[in-house]
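# mind folding the following:
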Amino acid sequence: MNQSSRVAVLLLLLVQLTTRVVRADDESRSITIVNESGRRVQVHWINPDDGELVPQIEPDLLNGASFDLKSYVGHNFEVRELPAKNTGVCSGEDQTCGVDYFAVNSNHDQVIYIREGASIEHADSRTAATKSAESLLVDCKFAAKTQLEADPQSALSIIDLLSDCVKNGVADEILKANEEISFQEELRKSMGDLMENYTCADMTLNTTEAKRTEYWEGRKVEVMIDRPTAKIHLIENFVTLEECKAVEERAAPNLHDATVEDGRGGSELSEHRKAKQAGIKVDWDMEAEGDLIASLSRRVYDYVNHVLPFGIKENGQEDLMSIQYFGRGLDDEKPDRYMPHCDGDCNGLNFRTGQRMATIVMYCDIPEVGGQTRFRNSNVHVIPKKYAATFFSYIDPVTMKMDSGLTEHSGCPVLVGEKKIVTQWIRLGVDDENSWDSFNSRKEKSATRYILITL
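I've put the predicted structure just below:
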């Protein structure tokens, strides 16, 4: 391979390394539009059937303002400058109003900047990475050219110089990216702390809009988060009235104050967790005879195996848990609730055999006021629906890395009424000979405190 070919291959590899190509499972995209034009503008979606302009914001987008919209790949939009209110004219040379257009592409993290005269600058993750690569190439080419002009005899070493320049440049870009990711993660968690009380107190806040809708065995499934290490699903009509009654009756004699794990293989009472709970052993021998609790538990494992490729079985798993919260009035200073926590490891590290990697929560009774479920680091807010379920997993089945906090969640205070749920935690690597509690008591366990009860 000659020198020019080697350079071409190297540059191609650089672009591939610094360009993040995201494969989407669907065509929906979230767009942020930022008005930096100095004027008021209006944004219209262009109906592909008849060309009708459909306003996306009312009455208009002020200078310096921004707004988010959800659209789809291939949708087209018009951005039009509006006349100044005091003069009735626009900023063009002949006092005409600027107009420009943009189309939603397949990349993620799209931002539309509206510049002077309503001209559009379309930015996204891929174009940003490409620009970074192009800038790095220019710098490295200039360094190589300068070296060649200074020493014409060094032509054979230019490829090594270019290679080192590119390698070091890419390493710097990766370091900057990792630092930015760490910063954004800390910022996200700090913002989650601040928003926790506000979102729980806002009784008008609705369930977060789903990313997409699917169906499983005739049940509607709203996909809220779908990341390699973190998934959050809302499933309608997952549990029946009869199954809820069967669980409540079985749990009644054993209800006691809920506990959290003490970090030493046992459990303890905690102000972080106020509720009643009771574990329920599933009588699998009665499944063939239509036992309601066994049927419900089987449905849980069927759904887990629908989402995750582990072929999970019931052997060695934790008991079903009946958890009940009781409202004592709007002025209750210490209401039943559950503070933010993770059900398993949420440190982004490798999965540890026998630990939790998914949770499913089924709602049997919902309170009149309070009791929402909040995934604060994912900005997912869930208003419980009777007989629905919330499923979330916190493991990447390909890399076996754990979630880094997206599934951290809390149960907002229950103020009026009762909230009764059934929870199942799902572990990977347990069986009849190595049950879940044998892993909890091992000394190799992390010092991180795992919450024993969820929501």
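# tell me, please, where in the stretch 101-250 of the chain the pLDDT is lower than the cut-off.
The stretch 101-250 of the chain contains residues with pLDDT under 70 at 124-139, 147-149, 152-163, 166-198.
# one more time with 80, if that's ok
108-109, 123-199, 201-203 (pLDDT under 80).
# how about the strands in it?
Taking DSSP state E, counting those that start in this stretch as the test, the strands found in the stretch 101-250 of the chain are 110-114, 120-123, 212-216, 219-226, 231-235.
# mind listing what Thr240 touches?
Thr240 is in contact with 292, 387, counting by Cβ atoms under 8 Å, 6 or more residues apart in numbering. (Glycine included, C-beta is placed from N, CA and C.)
# the chain should start at 469 in everything you say after this.
Renumbered: residue one is now 469, and that last one reads Thr708.
# re the thing from before, and among the strands of the stretch 569-718 of the chain, the most buried is which?
Highest mean neighbour count of these: strand 699-703, a mean of 24 (counted as mean count of other Cβ atoms under 10 Å).
# outline the domain layout of this protein.
Following automatic domain parsing, the chain resolves into domains at 469-655, 670-908.
# buried deepest among these, which one?
domain 670-908 (a mean of 18).
# redo the strands of the stretch 569-718 of the chain as CSV? Include distance to Val502.
Shown next, in CSV, are those (distance: least, Cβ to Cβ, whole Å):
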stretch, distance to Val502
strand 578-582, 5
strand 588-591, 9
strand 680-684, 26
strand 687-694, 25
strand 699-703, 28
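# of those, which is nearest Glu504?
Nearest to Glu504 among the strands of the stretch 569-718 of the chain is strand 578-582; the distance by Cβ to Cβ comes to 5.8 Å.
# in its sheet, what does the closest one sit against?
Applying DSSP bridges, strand 578-582 is found paired with strand 496-503 (parallel), strand 588-591 (antiparallel).
# relative to Leu550, which of the ones you listed is closest?
Minimum separation from Leu550 across these (Cβ to Cβ) falls at strand 496-503, 10.7 Å.
# helices or strands next to the next helix or strand after that closest one in the packing?
Remark: after strand 496-503, the chain's next helix or strand is strand 509-514, criterion DSSP states H and E. For strand 509-514, the elements it packs on are strand 521-523, strand 544-549, judged by 3 or more Cβ pairs under 8 Å, 6 or more residues apart in numbering; DSSP states H and E.
# looks like Val541 contacts Arg497 (just checking).
Yes - counting by Cβ atoms under 8 Å, Arg497 is a contact partner of Val541 at 6.2 Å.
# mutual contacts of these two, please.
Common neighbours of Val541 and Arg497, using Cβ under 8 Å, 6+ apart, are 572, 574.
# tell me how far the ends of stretch 676-696 are from each other?
One end of stretch 676-696 sits 20 Å from the other (Cα to Cα, to the nearest Å).
# what residues does it touch?
493-494, 496, 538, 699-706, 770-771, 774, 843, 846-850, 860, 864, 866-867, 869, 874-875.
# could I get the full set of strands for the stretch 769-918 of the chain?
Under DSSP E, counting those that start in this stretch, the stretch 769-918 of the chain gives strands at 788-794, 804-809, 824-833, 837-838, 841-843, 848-850, 857-861, 877-884, 886-895.
# now render those strands as JSON lines, adding distance to Glu677.
As requested, those are arranged in JSON lines below (distance: least, Cβ to Cβ, whole Å):
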{"stretch": "strand 788-794", "distance to Glu677": "26"}
{"stretch": "strand 804-809", "distance to Glu677": "22"}
{"stretch": "strand 824-833", "distance to Glu677": "20"}
{"stretch": "strand 837-838", "distance to Glu677": "22"}
{"stretch": "strand 841-843", "distance to Glu677": "14"}
{"stretch": "strand 848-850", "distance to Glu677": "10"}
{"stretch": "strand 857-861", "distance to Glu677": "16"}
{"stretch": "strand 877-884", "distance to Glu677": "18"}
{"stretch": "strand 886-895", "distance to Glu677": "23"}
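# of those strands, which is nearest Asp518?
Closest approach to Asp518 among the strands of the stretch 769-918 of the chain is made by strand 848-850 (36.5 Å; Cβ to Cβ).
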